[in-house]
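Enquirer: Output the structure for:
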Amino acid sequence: MIRSAGDEADSNPTSTRGISRVIRIIAATTGAAVTAASLVLTGAVPAPAATAVTVHTYAPSGVGGGTTTSPDVASTKYQVQAAGTPVQAVRYTANRNNFDIARFASDSRTPTITVTLPSTTIDTVNIYPARYYPSGSVSVSADKHTLTFQMSADARLNQAIVMVNGDSTNVTGQPYLAVINDPLEDPAQRPDTTSAPDGSGVNLQTGVLNFQEFAAKYLAAHPNSTAQKAPAATTSSMAGKTVNGTAVPAGQQTSAGSLVSASSVNVRYPNVRAMAADDVTYALKAAIDTIKANPTALNTLYFPNGTYVWSGLLVNGLDGSTLKGGKLKIYTDEGALLKNRIQAYMEAFEPAIGIINSSHLEIDGRGVFDGNGVVNYNARSVGDSHDAYRSQHQGGVMVMHSSDITFNDTYERDAKQWNYETHTASRVRFNNIKALTPYGQPWIDGTDFASGQDITANGVFTLGNDDAFASGHYNPSDGFTPLAPGVWGNFQLGTSTPDVQGYANAVGAHDAVADELGFDNYHWDQADSKNISVSNTLNWSVGAGNSIRIGWNSYGYRLNNYTFDNFNSVSAPAGGIFTQNSPKPYPRISSIVVKNSSFDTSRYTSGPIRLNGGNGSTQTITADDQATYGLAPNPDGSGATYTYPKTPISVLSLDNVWFSQQKTNSSPLNGATNVTLNNLRVAGQLVEYSSQFPLAPSGIGTLTSTFTDANGQTRNVKDGALTNGDTWVGAWTGDQTKNNSADLTLITRNTGVGLMGEQYTTGSGDGKLSYIQFPISSLTRAPSQATLHLTYVGHRYSSVPSTDTDQLLVQPVSDTTCTGGGTSCPVTTMTWQNRPSFTATTSSVAKSATFTLGSTLIPEGGGTHQGNAVDGRDITVDITSFVQNAYAANRSTLLLAVGNAGGTNHELRFVSSEGATGSGKLTNGTAEMAPGVTVTP
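Expert: Residues are numbered from 1 along each chain as shown. From the prediction side, this is the model:
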């Protein structure tokens with residue numbers, strides 16, 4: 001039967017722990033129509049649970065050290081309580097108000113959340129990840145202005161997304177509410193904050209440098225107005241060379257730079273914006289140098305509550321193992337706001353956090369790193385253009401050529417580009433990190449571990465604009481290198497009017513960053529990636545991208561061993577799990593494992609999986625590729641041209657993975673040695689038939705698709721289709737206008753008027769017919785055999801001997817030719833008076849083998865019959881010709897009328913799709929009992 005709105009949930013839903021019923025929007029399986037669940041209102045919002053929950057509310061961001069007002073603006077839409085404690089929700093409005101954020105910490109993973117919307121009438125509510133917030137997890141007050149839910153223990157997440165009067169297909173301008181429930185902070189992370197006796201900020205006894213105190217002293221002694229200098233003219237690294245036919249003169253210099261007003265727009269190197277008096281960029285470098293100079297005494301850089309404006313937290317060339325305790329600790333108080341300025345010039349490299357050429361660092365604390373990305377890249381106000389050929393790529397948090405780095409509780413927002421990223425990094429751990437950039441800002445991935453080894457992210461919440469996770473995006477700044485066509489093309493090199501000076505200045509901008517980093521843009525990523533693990537994540541995307549993308553621009557390096565556990569993606573518009581082996585040399589991907597995860601497929605424009613592995617052909621990397629463009633060097637060290645085979649992906653494994661909706665398009669699987677799919681769920685149903693998760697395999701060594709049945713046995717997914725709609729209709733006067741697509745059983749009873757009783761019109765007859773629809777669009781050819789499977793429940797009358805026999809009769813019908821004279825009678829609205837019109841004949845029907853009625857009795861009438869016994873026999877009918885004809889006619893669905901041959905008082909029942917799965921299914925029903933069609937190719 002058609003599942004009513006609100007029931008598309010995991011077949012093993014989380015406990016609701018006494019919370020009232022849910023209001024949700026569930027997208028129909030086509031992904032086109034959205035149906036709102038009926039409101040079920042409570043008289044009053046339940047009081048918080050009696051168990052005491054400790055809730056810590058955070059200090060306002062940026063207040064302290066002379067700053068008295070936070071730049072954060074309180075939400076005008078939401079009033080939030082966690083376990084009865086008011087929690088402020090903050091508006092994120094840099095570029096549309098897509099999200100409000102309610103953040104707190106508590107000692108409970110399952111606090112009761114109460115949200116009041118004084119000016120909004122609540123018609124529908126969706127909470128994400130939807131897998132963990134099924135029907136029954138939300139209550140709404142009688143006045144429809146307050147909702148209450150309990151955070152899910154099964155989700156194992158510190159976050160949830162609340163969408164009122166919208167769902168994941170609506171991505172802009174709601175705004176929606178993100179609830180962040182951090183664990184209480186470990187007191188051991190907090191340093192000794194005792195001020196130095198001399199007020200310098202440098203406490204050699206505690207090992208802590210208080211940056212607020214230090215910066216005040218430093219700027220007083222070294223004002224930015226005196227310290228800042230514009231770049232001098234220098235000889236270009238491209239002087240004397242020919243680029244696209246244009247000769248760059250020998251001795252060609254960059255222009256001499258100037259300091260320009262901070263409000264200037266589209267400032268390009270060597271011009272530089274004048275620094276504000278309170279810009280602490282130089283003070284930061286001096287503080288780090290002070291720590292380096294006192295390695296036996298200092299090991300902590302501390303940021304008290306307050307506002308810091310700078311070029312970002314840049315740590316370059318620091319080996320924390322040389323310090324007391326073996327690492328540098330950077331700690332931010334919860335009210336610290338560390339905000340990027342408008343960057344010095346268009347091409348400058350100023351991420352919110354940049355860890356470069358460093359090791360043994362730990363970043364702790366609950367402060368907020370703000371990349372100021374929207375304003376930085378808003379060239380219509382005070383920002384700069386950020387096309388790839390005009391500027392350096394830079395993200396929110398960047399770990400480059402560094403190792404042994406740990407982030408604990410780091411909160412980054414409004415990134416300029418990717419939120420969190422790694423490049424040639426090793427042994428990096430991200431714990432309970434946030435990256436909140438919910439804007440229509442280009443290139444805002446969630447976590448983008450472009451390259452690295454032994455990278456672990458546990459506890460991740462991202463709001464972005466592009467891929468939720470990506471890897472293999474090597475050298476994202478290669479579009480801004482001296483020989484990149486976009487660069488020299490932008491300056492008309494190779495034409496009659498080349499701008500050689502503009503080109504030399506752009507090269508100078510590139511070289512300035514390369515000198516600062518210690519490597520150029522072709523060498524951000526210089527090693528194979530391996531052992532990347534991402535777990536317990538929630539990711540939302542506004543405008544582009546995939547849930548997981550691996551393999552883009554790998555530059556000939558290998559990508560090995562990716563594991564995703566409890567990875568939850570919401571609203572990604574492109575697709576799900578995507579491996580991309582172009583345009584740069586093939587990446588040689590090995591193992592990808594995804595388990596215990598959920599994917600909101602509502603906006604996918606492609607299959608949930610797009611696997612693109614190698615076919616064994618040869619990949620060539622030339623000497624010029626290596627020498628000029630940074631591709632992986634010849635393993636023998638010679639730099640000579642070399643080749644390698646495009647090997648298949650070794651392993652793709654999905655286990656206990658949930659997809660919110662059935663998509664009509666198949667998932668292509670190309671070039672893999674072993675593919676294993678186990679216990680997948682689509683639209684809340686366990687995948688038992690191939691049509692539920694259609695695949696298009698090619699070049700696959702071994703493909704195994706299994707599920708665990710009700711008895712705990714592992715079984716192969718069957719070729720065929722599970723019903724996507726079923727109902728029964730009745731001829732009795734009281735049944736004639738009823739649609740029974742919510743019933744847990746299907747019923748047949750032959751009136752004797754027509755071969756199946758289908759011709760009955762008036763009188764006192766009690767005939768019943770069932771109609772079952774199946775998707776067949778996933779078939780790639782007409783099957784050699786097709787079999788209908790129905791699970792027998794029992795019959796109605798005790799007066800009928802158990803030894804009586806009957807058989808099923810089945811005939812294909814159309815829901816556009818109806819008994820009511822109309823042209824539409826779909827399963828969802830079908831009644832006896834308006835149902836498919838047909839005439840059954842002995843030559844038009846297919847018949848089951850005869851079977852005995854047995855001794856299982858089911859009471860009269862429709863409804864649930866939830867607790868009744870189930871006979872359990874599989875009654876089969878050969879419908880091969882029906883499926884073959886439907887395939888030949890290019891139909892996407894097959895609708896069948898099902899009746900019984902007849903017999904005195906033979907009223908038979910079979911398990912419906914609703915009776916087989918869902919929270920309200922037949923007590924004795926199992927998922928394997930749902931109506932299905934198996935096929936043999």
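Enquirer: how deep is the nearest residue to Gln189 once chain neighbours are set aside tucked in, by neighbour count?
Expert: The spatial neighbour of Gln189 that comes closest, neighbours along the chain excluded (C-beta to C-beta, 6 or more residues apart in numbering), is Asp364 at 4.4 Å. (Each C-beta comes from the backbone N, C-alpha and C, glycine too.) For Asp364, the count of nearby residues is 23 (other C-beta atoms under 10 Å).
Enquirer: The one 5 residues further on now?
Expert: Burial of Phe369 is recorded as 27 neighbouring residues (other C-beta under 10 Å).
Enquirer: same deal with Ser225?
Expert: Ser225: 11 neighbours (other C-beta under 10 Å).
Enquirer: quick one: secondary structure of it?
Expert: Going by DSSP: H, G, I helix; E, B strand; the rest coil, the secondary structure assigned to Ser225 is helix.
Enquirer: per-residue confidence at it?
Expert: Looking at Ser225, its pLDDT reads 97.
Enquirer: pretty sure it is touching Ala276, no?
Expert: No. Counting by C-beta atoms under 8 Å, Ser225 stays clear of Ala276, with 9.7 Å between them.
Enquirer: May I see the buried residues of the top helix by length along the chain?
Expert: Identified as the longest helix of the chain according to DSSP state H is helix 500-517. Neighbour-count burial for helix 500-517, counted by 16 or more other C-beta atoms under 10 Å, picks out 500, 503-514, 517.
Enquirer: Tabulate these (CSV), appending distance to Asn560 and pLDDT.
Expert: Shown next, in CSV, are those (distance: C-beta to C-beta, whole Å; pLDDT from 0 to 100):
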residue, distance to Asn560, pLDDT
Val500, 44, 98
Tyr503, 39, 97
Ala504, 41, 98
Asn505, 41, 97
Ala506, 36, 96
Val507, 35, 97
Gly508, 38, 97
Ala509, 35, 96
His510, 31, 96
Asp511, 33, 97
Ala512, 35, 96
Val513, 30, 96
Ala514, 28, 96
Leu517, 26, 96
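Enquirer: before we move on, which element is the residue nearest the centre of the chain in?
Expert: Nearest to the geometric centre of the chain sits Ser569, at 1.8 Å (C-alpha atoms, centre = their mean). Taking DSSP states H and E as the definition, one finds Ser569 inside strand 559-570.
Enquirer: re the thing from before, now whatever helix or strand comes next after the longest helix of the chain: how far from the chain's centre is it?
Expert: Where DSSP H and E defines the elements, the next helix or strand beyond helix 500-517 is strand 529-541. For strand 529-541, the gap between its own C-alpha mean and the chain's C-alpha mean amounts to 10 Å (C-alpha atoms, centre = their mean, to the nearest Å).
Enquirer: Show me what the next helix or strand along the chain from strand 529-541 is packed against.
Expert: Using DSSP H and E, the helix or strand that directly follows strand 529-541 along the chain is strand 546-550. Packing partners of strand 546-550 (3 or more C-beta pairs under 8 Å, 6 or more residues apart in numbering; DSSP states H and E): strand 469-471, strand 559-570, strand 575-579, strand 591-599.
Enquirer: what do you get if the cut-off is 6 Å, keeping everything else the same?
Expert: Judged by 3 or more C-beta pairs under 6 Å, 6 or more residues apart in numbering; DSSP states H and E, strand 546-550 is in contact with strand 469-471, strand 575-579.
Enquirer: so which of these is the most packed in?
Expert: Across these, averaging neighbours per residue (mean count of other C-beta atoms under 10 Å) puts strand 469-471 on top, at a mean of 27.
Enquirer: Neighbouring strands of that strand in the sheet, and parallel or not?
Expert: strand 447-449 (parallel), strand 546-550 (parallel) (DSSP bridges).
Enquirer: Mind listing residues that contact that strand?
Expert: Outside strand 469-471, the residues within contact range by C-beta atoms under 6 Å, 6 or more residues apart in numbering are Asp445, Thr447, Asp448, Phe449, Ile548, Arg549, Ile550.
Enquirer: Keeping just the C-alphas, turn the helix or strand following that strand into PDB.
Expert: On the C-terminal side of strand 469-471, the closest following helix or strand by DSSP H and E is helix 485-490. Extracted as PDB, the C-alpha positions of helix 485-490 are listed here (Å, rounded to 0.1, in the frame of the first residue of the first chain):
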ATOM      1  CA  PRO A 485      46.100  29.500 -19.100                       C
ATOM      2  CA  GLY A 486      43.500  31.400 -17.100                       C
ATOM      3  CA  VAL A 487      46.300  33.600 -15.800                       C
ATOM      4  CA  TRP A 488      48.200  34.500 -18.900                       C
ATOM      5  CA  GLY A 489      44.900  34.500 -20.800                       C
ATOM      6  CA  ASN A 490      43.500  37.100 -18.400                       C
END
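Enquirer: shaky segments in this structure?
Expert: 1-51, 379, 862-864 (pLDDT under 70).
Enquirer: Please, where are all the helices along it?
Expert: According to DSSP H, the helices that the chain contains are 211-221, 224-227, 281-293, 373-376, 485-490, 500-517, 623-629, 880-888, 913-916.
Enquirer: Can you tell me which of those is packed in deepest?
Expert: Of these, helix 913-916 is the most buried (mean count of other C-beta under 10 Å), at a mean of 28.
Enquirer: Run a quick neighbour tally on Gln526.
Expert: 18.
Enquirer: Excluding covalently adjacent residues, which one is nearest to it?
Expert: Nearest to Gln526 is Thr424, by C-beta to C-beta, 6+ apart, at 5.1 Å.
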